[in-house]
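In: Dropping the sequence and predicted coords here.
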4 protein chains.
Amino acid sequence: MMQAAVRVFAEKGYHAATIRDIVAAADVAVGTFYFYFPDKETLFVYLYEETAEFLLQTVQQAVVGRATLPKQIAAGIQAYVNIGTFEPAVVSLLLVGGVGTLPALVKGRADFRESLVNIWQQPLDLALDKGQILPQNTRRSAEALSGAIDEVILNLIDQPDAKQQASSAVSDLTQFCLRAVAYTGG
Amino acid sequence: MMQAAVRVFAEKGYHAATIRDIVAAADVAVGTFYFYFPDKETLFVYLYEETAEFLLQTVQQAVVGRATLPKQIAAGIQAYVNIGTFEPAVVSLLLVGGVGTLPALVKGRADFRESLVNIWQQPLDLALDKGQILPQNTRRSAEALSGAIDEVILNLIDQPDAKQQASSAVSDLTQFCLRAVAYTGG
Amino acid sequence: MMQAAVRVFAEKGYHAATIRDIVAAADVAVGTFYFYFPDKETLFVYLYEETAEFLLQTVQQAVVGRATLPKQIAAGIQAYVNIGTFEPAVVSLLLVGGVGTLPALVKGRADFRESLVNIWQQPLDLALDKGQILPQNTRRSAEALSGAIDEVILNLIDQPDAKQQASSAVSDLTQFCLRAVAYTGG
Amino acid sequence: MMQAAVRVFAEKGYHAATIRDIVAAADVAVGTFYFYFPDKETLFVYLYEETAEFLLQTVQQAVVGRATLPKQIAAGIQAYVNIGTFEPAVVSLLLVGGVGTLPALVKGRADFRESLVNIWQQPLDLALDKGQILPQNTRRSAEALSGAIDEVILNLIDQPDAKQQASSAVSDLTQFCLRAVAYTGG
DNA sequence: CATGAATGAGGGTTCATTCAT
DNA sequence: AATGAATGAACCCTCATTCAT
């Protein structure tokens, strides 16, 4: 039922998705929804945060498991693209479905953006310490990286042949990011 | 009244903004709204497209008026940041208020994203011809630039001291972008 | 302007006819309507009663100007059909546009029906006195005549070739009515 | 609830009857209305057509169950008067509530009138074949009969003592009709 | 646990009416 | 006299939510 809800929310957005849409997708009755969840808004916020945590953890783990900046960025992007390719609803929910819809989600969304920026900023700060990238405002670079990656992935999942284009997108994006942060390799 | 509508739509998003909110912000009666506009959806689409055109033209003109890639990118970002700083509602409406809300806007939004990507891609293609940037998929680079710039500006306008941070943001972003597209200067 | 109002009311009925329809048909401004008439309902009631009086007088005069029952009925029907043929809006307003729409018109409509019944009942009572029709409840006969005539005329004005069919309708109806009231001729 | 709707529509007409009137009469909430019916117009058309069919079938069956013209006409009128007496809302809805209100009902109303005329015309055509009535335009006679009967019944149900007057009305009307169609009995 | 009929606040929209010009 | 922009009460309808079964 929660999976059904994610799908419906991702597809229609918060407001256009009705409780009836969700229970129909889950093949249960309206009352059942309210037995498990207090209300629509709470569910959406919960789903958004669950989904955000899943994506953040997945990307974060890909990044921390690598030793060098190029590998970290490549792995992070690869993990993100994988999610976009195999679970597009997750990305849609986070980057589209939850935008500008719910006052209660403003903080949740800000937290998600902040965490995403942090994921990219950590390796940058490490690399800066080691002198592997030129001096820069790593916070702002991380924001920019985050936006760049999101946009390319959003464009990617709109393509009918997303899976075919995924590997070139990963490679293009990785190169783009390494250049953008002035990676010198040493 | 249209300014009031832009503000309300930008602040609450399409669905959460009610006609009564809009007319209250404009200090007129409900009927007055329908004297000037056929309905809520038509107004929103019109406002979105007007606003999109204004932003696109402003950024585009800043870019085409410059001779070299660094100046083009710097001027385009400066123009975009100016709008975000002095008319944050314009940016909010385009990047937040109109996301995933209205079937009738799907095309309009796609067109806007496409145009924005094109604005950044054109100078890249020119620079590639002149050998001023390394070979790359300029379309994908432009997508990434577009996302990077949007994200930084969205973060910027959320800051209370946005105007103070604007110039450093422009400078950081410009450097980021030039590195990202592998600008060699010759 | 009143003619325009009659046309619009007859065509669309009271509720569907808007003030804007009426002033557009009369080619004046909305405010002008309210300079001449206090409100929509008052105008409609006034128009209904004016129109009713016109029709009643016309039919009545045709009837009283004849000496014998056959001539009275024929003349009354002919006059009614003439109105239906040349001023269908008058008949539509009275028999269609003003039905079941306005509490304030219930009495007006009842008066109109009553008067119409009276117009037919008078010659019947005279003929009964003279022994030219068999004994009967002339009130009820007049009601029936009234309904019969209205129905045939309503059917007539719905025909595209109403004017061609008018004379046969008058003749058929007259014969029908004379038989119905058991006219013996003496 | 449908009975309540018939009552309210019959009493106020389509436009003046609000959903709140109907649900108040049925003692349910607004939402309940829309749980059972798609919208006001659909319900009204459905009710009109159901009601029309009920009345037509009732009168038709009374007519076809008799062998001779006098009995057919008497039975048809009796059946019609019974409905008017015991279910005045049915007659009001058909003859008053649904007049000139709804474009979607124009055809339905025309069909009802046509069917009603046909009910009266069939026995006339049979009687004409058997030489029991004088030669005439039976279509036009049926229209006139239809109008005559409707009008008398409408007058009847407006009377406070409708039930007392019913039998004399049936008898008067039957005699009127038989004379009107020149019934010779052989 | 599950159901779905019932609820009613609240949204978009219309249109008779007013009044400053 | 004439205008038409402005008003707001009231309409139809949706949908999140409840609760008796």
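Out: That came through fine. What you see is a predicted model, and the numbers here were worked out from it, not measured in a lab.

In: quick one, what contacts A:Ser92?
Out: Contacts were defined as CB atoms under 8 Å, 6 or more residues apart in numbering or on different chains; by that measure A:Ser92 touches A:10-11, A:157, B:100. Any C-beta I mention is one placed from the backbone N, CA and C, and that applies to glycine too.

In: Filter these down to the ones in helices?
Out: Within the contacts of A:Ser92, residues falling in helices by DSSP state H are A:10-11, A:157.

In: In TSV: those, plus neighbour count, distance to A:Ala67 and pLDDT.
Out: Shown next, in TSV, are the ones in helices among the contacts of A:Ser92 (neighbours: other CB atoms under 10 Å in any protein chain shown; distance: CB to CB, whole Å; pLDDT from 0 to 100):
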residue	neighbour count	distance to A:Ala67	pLDDT
A:Ala10	24	35	92
A:Glu11	17	40	90
A:Ile157	19	30	94
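
In: what residues does chain A put near DNA strand F?
Out: A:17-20, A:30-31, A:33-34, A:39-41 (CB under 7 Å from any atom of the strand).

In: what about 10 Å?
Out: Taking CB under 10 Å from any atom of the strand as the criterion, the neighbours of DNA strand F within chain A are A:14-23, A:29-35, A:37-44.

In: restrict the residues you listed to those near DNA strand E?
Out: With CB under 10 Å from any atom of the strand as the criterion, the subset of the residues of chain A next to DNA strand F in contact with DNA strand E comprises A:19-20, A:23, A:29-35.

In: Just the closest of these to chain B, please.
Out: The shortest separation between chain B and any of those is 15.4 Å, and it belongs to A:Ile19 (by CB to the nearest CB).

In: and the residue nearest to A:Val30 when sequence neighbours are not counted, what does it touch?
Out: Nearest-residue entry for A:Val30: A:Val23, 5.5 Å, with adjacent residues in sequence omitted and distances by CB to CB, 6 or more residues apart in numbering or on different chains. Taking CB under 8 Å, 6+ apart as the criterion, A:Val23 is in contact with A:1, A:29-30, A:32-33.

In: if we go to 7 Å?
Out: Neighbouring residues of A:Val23 by CB atoms under 7 Å, 6 or more residues apart in numbering or on different chains: A:29-30, A:32-33.

In: Now which of the residues you listed would you call buried?
Out: A:Phe33 (16 or more other CB atoms under 10 Å in any protein chain shown).

In: Can you flag which of the residues of chain A next to DNA strand F belong to helices?
Out: Among the residues of chain A next to DNA strand F, the members falling in helices (DSSP H) are A:19-23, A:30-35, A:40-44.

In: and which of those is nearest DNA strand E?
Out: Ranking these by separation from DNA strand E, with CB to the nearest atom of the strand as the measure, puts A:Gly31 on top at 1.9 Å.

In: Mind listing what's buried along stretch A:129-139?
Out: When burial is assessed from 16+ other CB under 10 Å, stretch A:129-139 yields the following buried residues: A:132-133, A:136-139.

In: if you look at the residues you listed, which of them are in helices?
Out: Assignment to helices by DSSP H places the following of these there: A:138-139.

In: which two from the buried residues of stretch A:129-139 end up farthest apart in space?
Out: Based on CB to CB, the longest span within these runs between A:Gln132 and A:Arg139 and measures 17.6 Å.

In: List the contacts of whichever helix or strand A:Ala169 is part of.
Out: Using DSSP states H and E, A:Ala169 sits within helix A:162-180. Residues from elsewhere that reach helix A:162-180, judged by CB under 7 Å, 6+ apart: A:70, A:73-74, A:77-78, A:81, A:85, A:141, A:144-145, A:148-149, A:152, A:156, A:159, B:137, B:140-141, B:144, B:176, B:179-180, B:182.

In: Now, of those, which are buried?
Out: Those of those that meet the buried threshold are A:70, A:73-74, A:77-78, A:81, A:85, A:141, A:144-145, A:148-149, A:152, A:156, B:137, B:140-141, B:144, B:176, B:179-180, B:182, by 16+ other CB under 10 Å.

In: List, out of the residues you listed, those positioned next to DNA strand E.
Out: Counting by CB under 10 Å from any atom of the strand, the subset of those that neighbours DNA strand E is empty.

In: can you tell me which of these are in helices?
Out: A:70, A:73-74, A:77-78, A:81, A:85, A:141, A:144-145, A:148-149, A:152, A:156, B:140-141, B:144, B:176, B:179-180.

In: which of the ones in helices among the contacts of A:Ser92 come close to chain C?
Out: Checked against chain C using CB under 7 Å from any CB of the partner chain, these give no members in range.

In: Which one of those residues is nearest to C:Ala5?
Out: For those, with C:Ala5 as the reference and CB to CB as the criterion, the closest is A:Glu11, at 51.6 Å.

In: Kindly provide the distance from the closest one to chain D.
Out: Separation of A:Glu11 from chain D (CB to the nearest CB, to the nearest Å): 25 Å.

In: next one: A:Val63
Out: Looking at A:Val63 against chain D, where the rule is CB to the nearest CB, the gap reads 51 Å.

In: Spit out the contact partners of the nearest residue to A:Ala144 once chain neighbours are set aside.
Out: In space, and not counting its chain neighbours, A:Ala144 is closest to B:Ala148: 3.8 Å by CB to CB, 6+ apart. Contacts for B:Ala148 (CB under 7 Å, 6+ apart) come out as A:144, A:147-148, B:176.

In: State the pair within the residues you listed that is farthest apart.
Out: Looking across these, with CB to CB as the criterion, the two at the greatest separation are A:Gly147 and B:Phe176, at 10.5 Å.

In: about what we covered before: farthest pair in the ones next to DNA strand E among the residues of chain A next to DNA strand F?
Out: Across these, no pair lies farther apart than A:Arg20 and A:Phe35, at 15.7 Å, counting by CB to CB.

In: between these two, which one's more packed in?
Out: A:Arg20 (11 against 8; other CB atoms under 10 Å in any protein chain shown).

In: so what's A:Ala79 up against?
Out: For A:Ala79, the contacting residues are A:58-59, A:62, taking CB under 7 Å, 6+ apart as the criterion.
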